[in-house]
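*Asks:* Next comes the sequence, and after it the predicted model I'd like to discuss.
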Amino acid sequence: MSNPKVLVVGAGALGVVTGYHLAQAGAGVTFLVRPDRLATLEGGQQLYCFDDLSSKQFDAYQSTASVEDVSAEQYDFVLVTLDGASCRSAEGETLLRALGDAIRPGNAVALICGMDVREHCRELMQLPADRVLEGTQAMLSYHVGRYPVPVHPPADPAQVSRADFAYRHTGNSCGFTVVAEPQEAATRFAKLYNRSGVSTCRSMQRITYTMFTRSFFPIIAIYERAGWPDTSKLVEDRELMTLGARAMGEILSLPEHGWRGKLASLLVGRKTLAKKLLGMERDCRPLDYTAFNRCHHGTKVRAQNLLVMQHCAAAGKAAGKPMRALNELIAGFTP
């Protein structure tokens, strides 16, 4: 894999920022986008990094709006950045089938970034299990012009406003998480990503990845239910924080999460959740953690979040669990 090629399906924040780090790692990056998005990719993209308060120019990529062009190339990885709800839409399913037809004759590995849709995508793309990975971005990234996220000192708001996208690693340099199976494909992707030297890819066992991605969504639900307050204000609401912690525990203790989930559920409580959220808010500065979640999870991937919580509630019901806290959050998750 001396000259790896990566096709990134979609040029939103996840796609562009991940594509930038893959290009830094030496990969040849191509974006597959809608025809009306091609013009916005001309001339490159400017990124703002909250880690070192600097701007980055990203123009080492190609772009296309035709799946037919994909068939003419041999890619190592195809990064599908559609969220879980988009993957289940009529347009998304049509695209996934076409992508599958385009890459099936080669050896490309599809990396699915939507939540709880790996098998759905694999069936649509008709790819063998060893050619379908699951993973997602571990840093926070957003489209600057589209989402009004406040900027805190020492970042310069004027400099941020000139960027197309902005991003922030939280607590460490981990920028992407990939499920560790299929092992050979996961190892190759992590090795490629880590060549960037500035961002790392963490490999995680499937059960651990599933537990902790799913249990994140009740956190978003309580932020929304409270009206997206600063975390310092949210943690003062004992009743809502308790409800969120209980919903997280219900998800973690689903039978499919095994003993690890049961153990993790025992460690989740109002105080531990408050500590975690306050730590995230601190680690994200100068990016505003609450505002980021309001713009990203409260709008762009909101439908996906609800689908994941509904899936967990249904799984709990099938196992004879009442899932009271989670169902209460779902009921308050207005359309």
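*Replies:* Cool, the structure landed. Numbers count the residues shown, from 1 in each chain.

*Asks:* contacts, neighbours, all on C-alpha from now
*Replies:* Fine.

*Asks:* Wait, R270 touches G249, no?
*Replies:* No: with contact defined as CA atoms under 8 Å, R270 does not reach G249; the gap is 10.9 Å.

*Asks:* Counting neighbours, go ahead and name the busier of the two.
*Replies:* Ranked by neighbour count (other CA atoms under 10 Å), R270 and G249 place G249 first, with 25 against 19.

*Asks:* Can I take it that the more buried one is in a strand?
*Replies:* No: secondary structure of G249 (DSSP: H, G, I helix; E, B strand; the rest coil): helix, not part of a strand.

*Asks:* how much space is there between the closest residue to A319 other than its chain neighbours and M211?
*Replies:* The shortest distance from A319 to any non-neighbouring residue, by CA to CA, 6 or more residues apart in numbering, is to P255 (7.4 Å). P255 sits at a distance of 11 Å from M211 (criterion: CA to CA, to the nearest Å).

*Asks:* Which one's more surrounded, those two?
*Replies:* Neighbour totals were compared for P255 and M211, and M211 leads with 22 against 14 (other CA under 10 Å).

*Asks:* Quick one: residues contacting that one.
*Replies:* Residues in contact with M211 (CA atoms under 8 Å, 6 or more residues apart in numbering) are 251-252, 257, 261.

*Asks:* What strand or helix carries it?
*Replies:* helix 206-214 (DSSP states H and E).

*Asks:* The next helix or strand after that helix packs against which elements?
*Replies:* Downstream of helix 206-214, the first helix or strand assigned by DSSP H and E is helix 217-225. In terms of contacts (3 or more CA pairs under 8 Å, 6 or more residues apart in numbering; DSSP states H and E), helix 217-225 is packed against helix 238-252, helix 302-318, helix 324-331.

*Asks:* Export the ones you listed to a markdown table and append columns for mean pLDDT and distance to S2.
*Replies:* Formatted as a markdown table, those follow (pLDDT from 0 to 100; distance: least, CA to CA, whole Å):
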| stretch | mean pLDDT | distance to S2 |
| --- | --- | --- |
| helix 238-252 | 98 | 40 |
| helix 302-318 | 96 | 36 |
| helix 324-331 | 97 | 47 |
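
*Asks:* looking at those, which is buried most?
*Replies:* Greatest average neighbour count among the helices and strands packed on helix 217-225 goes to helix 238-252 (a mean of 23), per mean count of other CA atoms under 10 Å.

*Asks:* what's the angle from that helix to helix 217-225?
*Replies:* Using axes from the mean of the first three to the mean of the last three CA atoms, to 10 degrees, the direction of helix 238-252 lies 150 degrees away from that of helix 217-225.

*Asks:* Please enumerate the helices of the stretch 51-200 of the chain.
*Replies:* Secondary structure of the stretch 51-200 of the chain, counting by DSSP state H, counting those that start in this stretch: helices at 67-71, 84-87, 90-103, 118-125, 157-161, 183-194.

*Asks:* Adding mean neighbour count, write these out as CSV.
*Replies:* As requested, those are exported to CSV (neighbours: other CA atoms under 10 Å):
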stretch, mean neighbour count
helix 67-71, 16
helix 84-87, 22
helix 90-103, 18
helix 118-125, 19
helix 157-161, 14
helix 183-194, 19
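
*Asks:* Any idea which of the ones you listed gets closest to L287?
*Replies:* Nearest to L287 among the helices of the stretch 51-200 of the chain is helix 157-161; the distance by CA to CA comes to 10.5 Å.

*Asks:* I'd like to know the average pLDDT value across the closest one.
*Replies:* Mean pLDDT, helix 157-161: 96.

*Asks:* Any idea what L79 is bridged to?
*Replies:* Note on L79: beta-bridge partners by DSSP bridges are V8, L111.

*Asks:* need the contact list for it.
*Replies:* Counting by CA under 8 Å, 6+ apart, L79 makes contact with 6-9, 15, 110-113.

*Asks:* for T64, same thing?
*Replies:* Neighbouring residues of T64 by CA under 8 Å, 6+ apart: 30-33, 35, 38.

*Asks:* What is the lowest-mean-pLDDT helix or strand in the chain packed up against?
*Replies:* Within the chain, no helix or strand scores below helix 67-71, which has a mean of 88 by mean pLDDT, DSSP states H and E. Where contact means 3+ CA pairs under 8 Å, 6+ apart, helix 67-71 is packed against helix 90-103.

*Asks:* go with 6 Å
*Replies:* Helices and strands touching helix 67-71, by 3 or more CA pairs under 6 Å, 6 or more residues apart in numbering; DSSP states H and E: there are none.

*Asks:* Can you tell me which of the contacts of L79 has the most neighbours?
*Replies:* A110 (30 neighbours).
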